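Sequence first, predicted model second:
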Amino acid sequence: MMNIYEVDNLNLVAVTKSDVVNFIKDNIEKVNGYICVTNVRTAYLSSKDKGYCKVQNDSLITIPDGMPLVWLGKLSGFKNIQRTSGPELFEHFLRNENKKIKHYLLGDTQEVLDNLTTKAKNEFGATIVGSFSPPFSSLEEYNYKEIANNINNSEADIVWLALGSPKQDIFASKLIIHTNKKIILNVGAALRFILGEYNMPPKAIQKLGLTGVYWRFMQKPILFIKQYPKYFFFILKNAIKIKSKKK
């Protein structure tokens with residue numbers, strides 16, 4: 001059992017990275033489902049879209065990838081909680097875990113998948129049993145049964161899904177209908193992090209809880225300036241709500 005705290009109606013687990021790693025290892029070949037890695041932006045989107053909120057709440061677990069969400073967890077009374085990102089989990093399982101764990105790569109471009117497969121095998125000794133780069137399309141147009149059949153036939157244990165949120169979360173919720181005891185981790189840009197195309201910001205920025213701010217500003221500064229205030233007030237509103245409940 002994991003401790004749950006709410007950010008609006010979104011259920012997040014109060015966990016450390018080790019908790020998440022152990023949860024995945026304990027459930028390989030036992031459960032069929034997906035894990036959401038959510039940040040302030042996707043938490044905010046869940047507060048505005050009940051359907052998307054349900055998708056995240058229907059996951060095996062939804063973990064906080066964003067220091068403001070971790071702060072809300074601590075404010076809720078859970079002191080032993082850490083930010084856990086998709087790239088961290090992905091690299092951990094490729095580099096450190098049992099090499100018999102079988103991985104399937106889903107998303108991004110075929111070039112990225114091919115390069116990553118080579119690096120994972122040669123540098124980490126990881127077992128990559130398949131990959132697929134879905135065409136750019138609407139969520140309604142994918143053949144989820146066919147994609148799932150390829151995954152099932154590969155005998156993969158873990159599927160690393162990189163389509164970006166909220167798309168990857170909704171995609172996973174449709175895919176698991178057809179998969180057989182697979183754990184799907186929705187990890188966004190994690191594949192490119194492992195290839196070194198993206199890098200984490202300096203430690204000081206990460207400790208201040210500004211990783212998301214850093215990335216969004218670097219990628220789309222004008223859009224970030226327009227959108228950041230609503231995320232700030234979203235976190236502030238939930239902090240006030242949690243404090244009020246405690247009183």
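Cool, the structure landed.

Model confidence score at the spatially most central residue of the chain, please.
The chain has residue 37 as the residue nearest its centroid, 2.7 Å off, counting by Cα atoms, centre = their mean. Listed pLDDT for residue 37 reads 97.

ok, now residue 67?
89.

if I read this right, it contacts residue 82, doesn't it?
No - counting by Cβ atoms under 8 Å, residue 82 is not a contact partner of residue 67; they are 9.7 Å apart. C-beta coordinates here come from the backbone N, C-alpha and C atoms, glycine included.

Out of the helices and strands in this protein, which is least certain?
Within the chain, no helix or strand scores below helix 211-219, which has a mean of 58 by mean pLDDT, DSSP states H and E.

Following the chain onward from that one, which element is next?
helix 221-246 (DSSP states H and E).

and that following helix, average pLDDT?
84.

Give the other helices and strands that that helix contacts.
Packing contacts for helix 221-246, counted by 3 or more Cβ pairs under 8 Å, 6 or more residues apart in numbering; DSSP states H and E, involve helix 40-48, helix 67-75, helix 211-219.

if you set the cut-off to 6 Å instead, what comes out?
helix 40-48, helix 67-75 (3 or more Cβ pairs under 6 Å, 6 or more residues apart in numbering; DSSP states H and E).

about what we covered before: residue 67 and residue 82: who's more crowded?
residue 67 (21 against 17; other Cβ atoms under 10 Å).

Go ahead and confirm the more buried one touches residue 83.
Yes - Residue 67 is within contact range of residue 83, at 5.5 Å (criterion: Cβ atoms under 6 Å).

nearest spatial neighbour of residue 39, skipping sequence neighbours?
Nearest residue to residue 39 in three dimensions, chain neighbours excluded: residue 66, at 4.0 Å (Cβ to Cβ, 6 or more residues apart in numbering).

what's the answer for residue 97, then?
residue 25 (7.1 Å).

For my notes, please list the helices and strands packed on helix 221-246 in a markdown table and give distance to residue 87 for each entry.
As requested, the helices and strands packed on helix 221-246 are exported to a markdown table (distance: least, Cβ to Cβ, whole Å):
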| stretch | distance to residue 87 |
| --- | --- |
| helix 40-48 | 16 |
| helix 67-75 | 15 |
